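1. the following comprises the amino acid sequence and a computationally predicted model.
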Amino acid sequence: MKRGKRYVEAAKLVDRANLYDAAEAISIVKKAAVAKFDETVEAHIRTGCDGRHADQQIRGAVVLPHGTGKTVRILVFAKGPKADEAQAAGADYVGAEELIPKIQNEGWLDFDVVVATPDMMGVVGRLGRVLGPKGLMPNPKAGTVTMDVTKAVNDIKAGKIEYRLDKTNIIHVPVGKASFTEEQLADNFQTLMDAILKAKPATLKGAYLKSVTLTSTMGPGVKLNVGKLIG
């Protein structure tokens, strides 16, 4: 794969043979983020879990102390007083059954997170084929199926992110923007790692974290010293 000049220059900042501690890695990622837009800083965490086993599935959510730097559009499925509550909390879109054809037939997907009250899950379930593959299905573990829609909306707007294993047992999550200070990125990353270490499945044999890499949208990956993250 041919890389652009900027990437090649940025890659020189990274010693591939080295494993960095979090502070060094964040500093390099920030320096390597030279695109003309504010790149997202992402963590890619390769685990020793086997997501095919229900007891080794990792899924949850955490509120990053400094947010993600991204404006998140929230759709809430709710009725009556709960719909009013969602609007008052600042949800971008609120509705019920009437949104089904709009999403199913018109391909409307102008939202980043979907929250639903439990009584609406029957309705939302009909959108499984559309929302599921995009990772947008509400889930109780992620706090997006709840009667407390105010808290759900507030947390998401404050910088709540969801983490889960993908098919290759890797967790991919944003930890902020390249324009954040190193301290802000370090706080966010530490908060994320604390949550993921707590989520370690009790049944797991062998290493939990196989590798942790920090990268920006267009920049090279910087590998971290996993031992220091666990210790």
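-> Okay, I see it.
2. going forward, measure contacts between C-alpha atoms and count neighbours the same way
-> Fine.
3. so how far is the helix ranked longest in the chain off the chain centroid?
-> In the chain, with assignment by DSSP state H, the single longest helix is helix 182-198. With C-alpha atoms, centre = their mean, to the nearest Å as the basis, helix 182-198 stands 12 Å off its chain's centre.
4. quick one, the very next helix or strand once past that helix and helix 182-198 angle?
-> Heading C-terminal from helix 182-198, the first helix or strand you meet, by DSSP states H and E, is strand 209-216. Relative orientation of strand 209-216 and helix 182-198, computed by axes from the mean of the first three to the mean of the last three C-alpha atoms, to 10 degrees: 150 degrees.
5. give me the sheet partners of strand 209-216 and which way each runs.
-> Using DSSP bridges, the strands paired with strand 209-216 are strand 40-47 (antiparallel), strand 222-223 (antiparallel).
6. same question for it, mean pLDDT?
-> Throughout strand 209-216, pLDDT has a mean value of 95.
7. what lies in contact with it?
-> Residues from elsewhere that reach strand 209-216 (C-alpha atoms under 8 Å, 6 or more residues apart in numbering): 25-26, 29-30, 32-33, 39-48, 178, 221-226.
8. what comes up buried for it?
-> Neighbour counts over strand 209-216 (16 or more other C-alpha atoms under 10 Å) mark 209, 211-216 as buried.
9. what does stretch 35-45 give?
-> For stretch 35-45, a neighbour-count test (16+ other C-alpha under 10 Å) marks 39-45 as buried.
10. also stretch 193-208?
-> Going by neighbour count (16+ other C-alpha under 10 Å), the buried part of stretch 193-208 is 193, 195-196, 200, 208.
11. among these, which one lies nearest to Ala78?
-> Among these, Ala195 lies closest to Ala78 (C-alpha to C-alpha), at 28.9 Å.
12. quick one: residues contacting the closest one.
-> Taking C-alpha under 8 Å, 6+ apart as the test, what Ala195 contacts is Val62.
13. relative to Tyr208, how far out is it?
-> 13 Å (C-alpha to C-alpha, to the nearest Å).
14. and Glu162, what's its pLDDT?
-> You'll see Glu162 listed with a pLDDT of 88.
15. remind me which helix or strand the closest residue to it other than its chain neighbours belongs to.
-> The spatially closest residue to Glu162, leaving aside those adjacent along the chain, is Ala61, at 4.2 Å (C-alpha to C-alpha, 6 or more residues apart in numbering). Counting by DSSP H and E, the element that carries Ala61 is strand 59-63.
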